[in-house]
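A.B. asks: Can you look at this prediction? I've put the sequence above it.
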Amino acid sequence: MYQPQPFLTRLTFKASDRPEAEEARERLIARYGDVGEESAQVIIALGGDGFMLEVLHGAIASQTPIYGMNRGSVGFLMNEYSEDGLLERINAAERAVIHPLVMTAIDSQRRNHRALAINEVSLLRQTRQTAKLRISIDGKVRMSELVCDGALIATPAGSTAYNLSAHGPIIPIGGQVLALTPISAFRPRRWRGALLPRTARITFEIIEADKRPVSAVADNFEVRDVLEVHISEDRDTSLAMLFDAGRSLDERVLAEQFSA
């Protein structure tokens, strides 16, 4: 038997440190109240895309849906800001469910560092020397040596961020693939990367790590002087973002592919 979804009314508001975001939070709390994060059905994020990532990371344990409103700059992951009809907008919103990447980085002291990435895991050279990376997929070496400034693995949600700037492909949110994109590849110079099944387990080994040190970054968590980096999708963790009807994340990703 069909069970109607409950009307979402319990909200909590989070704002970036921008003055316009903090002022908006105060006005919205005065109008709609704030039940606190533990009791909230929806988290309202006020800021830009960077702040949305911060709030998403904070919601990993609770997996509470997040509805963002742009009080920042870019706002690709945010809805337009309006104080009117907020409950109605939230309850009519379209839901995008994303799964983060899990990164395990082994540093030069053989210490393991684990972190989740909603957008991408990137490997970046630390000095003027180019990085040399060996890439294995599911235990099989697919590229014995990539000479580059770095490389990244992007989720569909992150494919329009750093990945796109590095000339990687845009992936629909429902796409069952991850993007492997080189950053300023020197050899092989014409290699543009690969699309990998979402079940892939990716390993980067750093060649000549002492001479050519590399850092690994999972969104904003950095590990320096890495020797190996292992990356896979964390299907046990689901994060939901809410978008105004007609302005879903799928629609934004599709429109981005036809922008000038």
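C.D. replies: All right, it came through fine. Numbering: from 1, shown residues only.
A.B. asks: Give me the neighbour count for the residue nearest to residue 149 when sequence neighbours are not counted.
C.D. replies: In space, and not counting its chain neighbours, residue 149 is closest to residue 184: 3.9 Å by CB to CB, 6 or more residues apart in numbering. Quick note: C-beta positions are derived from backbone N, CA and C, even for glycine. Residue 184 is flanked by 15 other residues according to other CB atoms under 10 Å.
A.B. asks: ok now do residue 184, which residues does it touch?
C.D. replies: Contact partners of residue 184, counting by CB atoms under 8 Å, 6 or more residues apart in numbering, are 148-150.
A.B. asks: So which of those residues belong to strands?
C.D. replies: Judged by DSSP state E, the contacts of residue 184 include 148, 150 as members of strands.
A.B. asks: Whichever of the contacts of residue 184 end up buried, select them in ChimeraX.
C.D. replies: This is how ChimeraX selects the buried members of the contacts of residue 184, with burial counted by 16 or more other CB atoms under 10 Å:
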select :148,150
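A.B. asks: Redo the contacts of residue 184 as CSV? Include pLDDT.
C.D. replies: Formatted as CSV, the contacts of residue 184 follow (pLDDT from 0 to 100):
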residue, pLDDT
148, 97
149, 97
150, 98
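A.B. asks: For residue 169, see how far away the residue nearest to residue 149 is.
C.D. replies: Going from residue 184 to residue 169 by CB to CB, to the nearest Å gives 17 Å.
A.B. asks: Kindly report the same for residue 43.
C.D. replies: 30 Å.
A.B. asks: gap between residue 133 and residue 43?
C.D. replies: Noted for residue 133: a distance of 37 Å to residue 43, by CB to CB.
A.B. asks: same check, this time on residue 55
C.D. replies: To residue 43, residue 55 is 6 Å away according to CB to CB.
A.B. asks: intersection of neighbour lists for those two?
C.D. replies: 14, 66.
A.B. asks: Neighbours of residue 178, how many?
C.D. replies: Residue 178 has 28 neighbours, counted by other CB under 10 Å.
A.B. asks: Next, it: phi, psi?
C.D. replies: The phi/psi pair for residue 178 (degrees, to the nearest 10) reads phi -120, psi 150.
A.B. asks: For it, which non-adjacent residue is spatially closest?
C.D. replies: Spatially, and ignoring its direct neighbours in sequence, residue 178 is nearest to residue 196 (4.8 Å; CB to CB, 6+ apart).
A.B. asks: wait, isn't that neighbour in contact with residue 181?
C.D. replies: No: Residue 196 is beyond contact range of residue 181, at 10.8 Å (criterion: CB atoms under 8 Å).
A.B. asks: got any residues that touch both of those two?
C.D. replies: residue 153.
A.B. asks: higher neighbour count, those two?
C.D. replies: Neighbour count, other CB under 10 Å: between residue 196 and residue 181, residue 181 has more, with 26 against 19.
A.B. asks: hang on, isn't the more buried one packed against residue 165?
C.D. replies: No: at 9.6 Å, residue 181 and residue 165 do not qualify as touching, with contact defined as CB under 8 Å.
A.B. asks: For residue 96, give its distance to residue 137.
C.D. replies: Residue 96 is 27 Å from residue 137, by CB to CB.
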